[in-house]
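Novice: what follows is a protein structure lacking sequence information:
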């Protein structure tokens, strides 16, 4: 359990699963390999499809939960809901893109460590 929490913490901090190096070089660009330990980050096409599901789940939970809470407590009109939650459905995935990828990479490392390719950096 302790290792799983460590993997989630590193994912939320946007760090490599094996060392404390950052995964991203810019807002949406990841290193191909970790600059610290050489861990292969960009593995193959389609590897980060699971991160898309994480990103989608984050967006749905925030937008649906927020919609329901604002409807219960404030009851704004339909146009207000569409403006607020439509805009957030566009902005939240952009904000959580990096986090969903980092969490996916760290979770994959935690669950499939013994099946990971040997990534010695060469």
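Specialist: Perfect, thanks for sending it. The model shown is predicted, which means the values in this text are computed figures rather than measured ones. Numbers count the residues shown, from 1 in each chain.

Novice: helices of this structure, residue ranges please.
Specialist: 2-12, 49-73, 78-111 (DSSP state H).

Novice: check which residues of the last one are buried.
Specialist: Read it as helix 78-111. Residues of helix 78-111 classed as buried: 85, 88, 92, 96-110 (neighbour count, 16 or more other CB atoms under 10 Å). C-beta here means a position set from N, CA and C on the backbone, and glycine is covered the same way.

Novice: point out where this structure drops to low pLDDT.
Specialist: Low-confidence segments of the chain, defined by pLDDT under 70: 114-122.

Novice: got a list of what the residue nearest the centre of it touches?
Specialist: Of all residues in the chain, the one closest to the mean position by CA atoms, centre = their mean is residue 100, 0.7 Å from it. Contact partners of residue 100, counting by CB atoms under 8 Å, 6 or more residues apart in numbering, are 51, 52, 54, 55, 58.

Novice: got the phi/psi numbers for the residue in the chain sticking out farthest from the centre?
Specialist: The C-alpha centroid of the chain is most remote from residue 77, which lies 32.3 Å away (CA atoms, centre = their mean). Residue 77 adopts backbone torsions of phi -70, psi 170, taken as degrees, to the nearest 10.

Novice: what does residue 34 give?
Specialist: Here residue 34 shows phi and psi, under degrees, to the nearest 10, equal to phi -60, psi 130.
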